[in-house]
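Structure of the sequence below:
(chains A and B)
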There are 2 protein chains.
Amino acid sequence: MVNPAYAGFIMSIFVLMKKSKPLILVTNDDGIAAPGIAALIEVMKTLGDVVVVAPDKAQSGMGHAITINSTLRIHKSKIYNVKEEYGCTGTPVDCVKFAVNIITHRKPDLCVSGINHGTNSSINVIYSGTMSAAVEGAIEGIPSIGFSLSDTSINADFTAAKKIVKTIAQKVLTSGLPRSVCLNVNIPKLKSELIKGIKICRQAKANWIEEFDKRFDPSGQPYYWLTGKFENFDAGEKDTDIWALENNYVSVVPTQFDMTAHAAIKGLTGWKL
Amino acid sequence: MVNPAYAGFIMSIFVLMKKSKPLILVTNDDGIAAPGIAALIEVMKTLGDVVVVAPDKAQSGMGHAITINSTLRIHKSKIYNVKEEYGCTGTPVDCVKFAVNIITHRKPDLCVSGINHGTNSSINVIYSGTMSAAVEGAIEGIPSIGFSLSDTSINADFTAAKKIVKTIAQKVLTSGLPRSVCLNVNIPKLKSELIKGIKICRQAKANWIEEFDKRFDPSGQPYYWLTGKFENFDAGEKDTDIWALENNYVSVVPTQFDMTAHAAIKGLTGWKL
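As a prediction, this is how the structure comes out:
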């Protein structure tokens, strides 16, 4: 029989080993082969054991969609030389659910999503697959961060972004996050030395003024592309994510999944229904 | 030349006529042919001019997804004898954007989504296509309501639900809603006389404990169905939507699209980054 004191010592060693190598889940919405996720994985490999479960194709604009009317598949991949990596046929939110339930079998210490090719500031948080994956991480009780760079180009330079990602991910690994809160991090398209700092912000009040680009197929039938212009209703307000980005700061918005408009409850309770 | 006083009088008549017939946009996530939307349209026809733009197939669980990587089409439909009706190839959120920009050419006076076959209480608000359409309505500045019935059956009885829908829609048409807020209305599966009343609530803290049902295709390759069990962390709290439904009330949760965790800003601002 093993001496209980010795067993306790061995257990402590395992706990310490586990603590020294955090388990980090990486996902995104641009797909497993996107340069942005490669940059994110590169940084995460310096911080812990990395498991990647990411969509096998672009899933931008998927919001918090989940796949319930069709089936899901995963495929092992060998791109990044990490602990485990998979492409998944589902949405970014499916990827997080899949990872936690089928791949890691324990709650990761950190869930990071991105680096998105393009900002997810302001109202875009609600349409963004990148951020919905981070929100899903928070729903699952994992400290989670979504990272986006203000550059939609496939050739975007992630050098400065990688430094920011490392700083914020390290801080979250050591300090944790408030319960039910994840971070929406947006990084301006600038060289490191031109980034003025990191600002904690609120989501700006802004909106898309949609336009539908109407075209005709070869048989003369109409089809549409959703497009639009972005309008900031909070112009001039210095505590918003849009202000931070326009003024060369990284914006960090603490983001929650309680969508209750608590301030409206009292007024509506007065309704006689 | 027309007498200005007379022109003003005519204008007043038009304004009155417009007010007497509100323009109501109807959508859902179960698809344009679902019994739930038929029940909703039936009620809305008693309240105003109805325009239907709804997905041409089931879009449950689509959350706030929008279609940006592929194209959209709409098809005129003739099911409901309303002002205009269309099936759309996109998501519920696409339908709202499409309706406002391509079909109505003006902001509807009310946007209603549902009646969903199944509840969208608690965390389901974030996965729900029904509610995402209502949230999109609010983003577009339209007083908006998502309705759901606690009955997933295709043969669900909407009799009691229709009375509730009419009461709440009439109230919103006359009183409006607070800025940036829509309503998440969930109706218990009960006969009218057993419904105890309508309660203004907050979104309960609850979660899905996911399970993935693993199966094998005819060639032996694995695939998965996302499924799970629902867990209420707010059991016993009487101000939540789940409590209301379990106690035979209709739950009404004011719902917002500002996802900023305002309470967390101060603490995070203390981080030295």
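
Could I get the contacting residues of residue A:56?
Residues in contact with residue A:56 (C-beta atoms under 8 Å, 6 or more residues apart in numbering or on different chains) are A:31-32, A:75, A:87-89. Yep, even glycine has a C-beta here, placed from its N, CA and C like the rest.

Show me which of those are buried.
By neighbour count, with 16 or more other C-beta atoms under 10 Å in any protein chain shown, the contacts of residue A:56 hold A:31-32, A:87-89 as buried.

Keep only those of the residues you listed that are in strands.
Members of the buried ones among the contacts of residue A:56 lying in strands (criterion: DSSP state E): A:87-88.

sorry, back to before: which two from the contacts of residue A:56 end up farthest apart in space?
Comparing all pairs in the contacts of residue A:56 by C-beta to C-beta, the longest separation belongs to A:31 and A:75, at 12.5 Å.

Kindly reformat the contacts of residue A:56 as CSV and extend each row with pLDDT and distance to residue A:156.
Output for the contacts of residue A:56, formatted as CSV (pLDDT from 0 to 100; distance: C-beta to C-beta, whole Å):
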residue, pLDDT, distance to residue A:156
A:31, 96, 15
A:32, 97, 17
A:75, 96, 26
A:87, 97, 21
A:88, 97, 24
A:89, 96, 26
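
In JSON lines: these, plus distance to chain B.
Shown next, in JSON lines, are the contacts of residue A:56 (distance: C-beta to the nearest C-beta, whole Å):
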{"residue": "A:31", "distance to chain B": "11"}
{"residue": "A:32", "distance to chain B": "16"}
{"residue": "A:75", "distance to chain B": "10"}
{"residue": "A:87", "distance to chain B": "14"}
{"residue": "A:88", "distance to chain B": "10"}
{"residue": "A:89", "distance to chain B": "9"}
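
Tell me how many other residues surround residue A:216.
With neighbours defined by other C-beta atoms under 10 Å in any protein chain shown, the count for residue A:216 comes to 9.

Repeat that for residue A:73.
Residue A:73: 15 neighbours (other C-beta under 10 Å).

And for residue A:174?
For residue A:174, the count of nearby residues is 8 (other C-beta under 10 Å).

Confirm that it sits in a strand.
No: Residue A:174 is assigned helix when assessed by DSSP: H, G, I helix; E, B strand; the rest coil, not a strand.

List the contacts of it.
Residue A:174 neighbours (C-beta under 8 Å, 6+ apart): none.

For it, give its distance to chain B.
To chain B, residue A:174 is 10 Å away according to C-beta to the nearest C-beta, to the nearest Å.

Quick one: name the residues of the stretch 101-250 of chain A near chain B.
Residues of the stretch 101-250 of chain A lying close to chain B (C-beta under 8 Å from any C-beta of the partner chain) are A:101-102, A:123, A:125-127, A:132, A:135, A:139-140, A:167-168, A:171, A:175, A:177-178, A:180-181, A:197-198, A:200-203, A:205, A:207, A:210-212, A:215, A:221-226.

Mind checking which of those residues are buried?
Among these, those scoring as buried are A:101-102, A:123, A:125-127, A:132, A:135, A:139-140, A:168, A:171, A:177, A:180-181, A:198, A:200-203, A:205, A:207, A:210, A:212, A:223-224, A:226 (criterion: 16+ other C-beta under 10 Å).

What is the least confident helix or strand in chain A?
Of all helical and strand segments in chain A, the minimum by mean pLDDT, DSSP states H and E falls on helix A:4-20, at a mean of 52.

Heading C-terminal from it, find the next helix or strand.
Later in the chain than helix A:4-20, the nearest helix or strand by DSSP states H and E is strand A:23-27.
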